[in-house]
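*Asks:* Okay, sequence plus prediction incoming.
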Amino acid sequence: MTTTPTAASPLPDNLDDLRERLRRFCAERDWAPYHTPKNLAMSVAIEAAEIMEHFQWCTADESYSLPREKRVEVANEIGDVLLYLLGLGRTLDIDIIAAARDKLALIRESATTGKPVPWVQVHKVPDYVYFNHSAHVNRGVSCVECHGKVNEMEVVRQDQPQSMSWCLDCHRAPAQRLRRPGDVFNLDSPTLAAQGKLDEAIALVHNWKVKPPQSCSGCHR
Ligand code: HEC
Ligand code: HEC
Ligand code: HEC
């Protein structure tokens, strides 16, 4: 016979009272030295295994309809797990209810959005370097100038050294490397200089007052 799980009776909203009784019980017996996070973490796992033991050879149906004595034993083990979790939360100063709520929110998020595709980062400047995309793209520096022809790469790789001297080389003479603003997303468009229109690029530098930082504090803020 299959019995579906029934809604359990309401649980108390907080476990403060239980935790306090546990704390007093342990304090009266001087158990604190044994209740290290390591020992408590192991105890959680051991007691959880004891819950499993009662179901080891059960069929799914049988697991819903344990004999009365078995249910009492399972309840004991569940109590043990909860007490050890409370103790572990206390020694580590973790609010176990808040932890469970946060975890549930994460599970819900990943269930509704589907598993996120992990992002493989290829381009990364060190944390001590300040870099901002829009400052470049809005001034005629195209994606292809720094990332190469990503559209033709089977697997994205780093195309440019991204070293300090590479940044500075362009900052010292940006006109050579600029495109018309409308061309920055077009990975096939050559620089203005390569089109024989360096004058136009120099005019852009002048009109936009392009002055990329060359002093240390410009990139190391
Ligand atoms: C002036 C050089 C430059 C330009 C122009 C530029 N990028 Fe970048 N890009 C970088 C650098 C440097 C990083 C690494 C940034 C970091 O570590 O924060 C980066 C990182 C990225 C990343 C993350 C890469 C990764 O491996 O995780 C993406 C995506 C990206 N850029 C897309 C673009 C696109 C699209 C454009 C054009 C609209 C563009 N970039 C223009 C220099 C540039
Ligand atoms: C191909 C040319 C080019 C390359 C490569 C380049 N830059 Fe720039 N950078 C520019 C231009 C053009 C500007 C815009 C300056 C302006 O508007 O005055 C700029 C502006 C900046 C700014 C000022 C942004 C702001 O918000 O004030 C910083 C910081 C910067 N670049 C850092 C870097 C770093 C770090 C690298 C290397 C990882 C790099 N740049 C590579 C051309 C380049
Ligand atoms: C245009 C941007 C830019 C400017 C200006 C700049 N840096 Fe850097 N710096 C970088 C970048 C990008 C890196 C990281 C290079 C890398 O990862 O290979 C870097 C790395 C460094 C490092 C670490 C080097 C290493 O080998 O680990 C030092 C130190 C440093 N910069 C000092 C300076 C000093 C001093 C100045 C001024 C004279 C300066 N930087 C100006 C962009 C800049």
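*Replies:* In hand now; what should we look at? It should be emphasised that the depicted structure is a prediction, and the values quoted were computed from it without experimental measurement. Ligands and ions are numbered 1, 2, ... in the order given.
*Asks:* check which helix or strand covers the residue lying closest to residue 220 once chain neighbours are set aside.
*Replies:* Nearest non-adjacent residue to residue 220, counting by CB to CB, 6 or more residues apart in numbering: residue 128, 5.8 Å away. Where you see a C-beta, it was placed from the backbone N, CA and C, and this is true even at glycine. Under DSSP states H and E, no helix or strand contains residue 128.
*Asks:* For residue 73, which non-adjacent residue is spatially closest?
*Replies:* residue 54 (6.1 Å).
*Asks:* hang on, the earlier thing: isn't the residue nearest to residue 220 up against residue 164?
*Replies:* No: contact criterion CB atoms under 8 Å: residue 128 and residue 164 do not qualify, at 10.9 Å.
*Asks:* List the buried residues in the biggest helix by length in the chain.
*Replies:* If you go by DSSP state H, the chain has its longest helix at helix 68-91. Across helix 68-91, burial judged by 16 or more other CB atoms under 10 Å covers 74, 77, 80-91.
*Asks:* now for stretch 22-39, what's the gap between its first and last residues?
*Replies:* With CA to CA, to the nearest Å applied, stretch 22-39 spans 16 Å between its terminal residues.
*Asks:* how far does that stretch sit from the chain's center?
*Replies:* 34 Å (CA atoms, centre = their mean, to the nearest Å).
*Asks:* average pLDDT for it?
*Replies:* What stretch 22-39 shows for mean pLDDT is 87.
*Asks:* Over to stretch 173-193?
*Replies:* Across stretch 173-193, the average pLDDT comes to 93.
*Asks:* Can you show me the CA trace of that stretch as CSV?
*Replies:* The C-alpha coordinates for stretch 173-193 follow below in CSV (Å, rounded to 0.1, in the frame of the first residue of the first chain):
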residue,chain,number,x,y,z
ALA,A,173,48.9,56.9,-29.7
PRO,A,174,45.2,56.1,-29.8
ALA,A,175,44.4,57.6,-33.2
GLN,A,176,46.1,54.7,-35.0
ARG,A,177,43.7,52.3,-33.4
LEU,A,178,40.3,54.0,-33.7
ARG,A,179,37.2,53.3,-35.8
ARG,A,180,34.1,55.2,-36.5
PRO,A,181,31.7,54.8,-33.5
GLY,A,182,29.2,52.9,-35.7
ASP,A,183,31.9,50.4,-36.6
VAL,A,184,33.1,49.3,-33.1
PHE,A,185,30.9,46.2,-33.0
ASN,A,186,31.7,45.2,-36.6
LEU,A,187,34.6,42.8,-36.2
ASP,A,188,35.4,43.0,-39.9
SER,A,189,35.8,46.7,-40.2
PRO,A,190,39.5,47.9,-40.4
THR,A,191,40.7,50.9,-38.4
LEU,A,192,40.4,54.3,-39.9
ALA,A,193,44.1,54.4,-40.3
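*Asks:* So is that stretch next to ligand 3?
*Replies:* No: using CB under 6 Å from any ligand atom, stretch 173-193 never reaches ligand 3; the gap is at least 11.0 Å.
*Asks:* Now do that stretch: everything it contacts.
*Replies:* Applying CB atoms under 8 Å, 6 or more residues apart in numbering, the set of residues contacting stretch 173-193 from outside is 137-145, 149-151, 170, 198, 200-202, 204-205, 210, 212.
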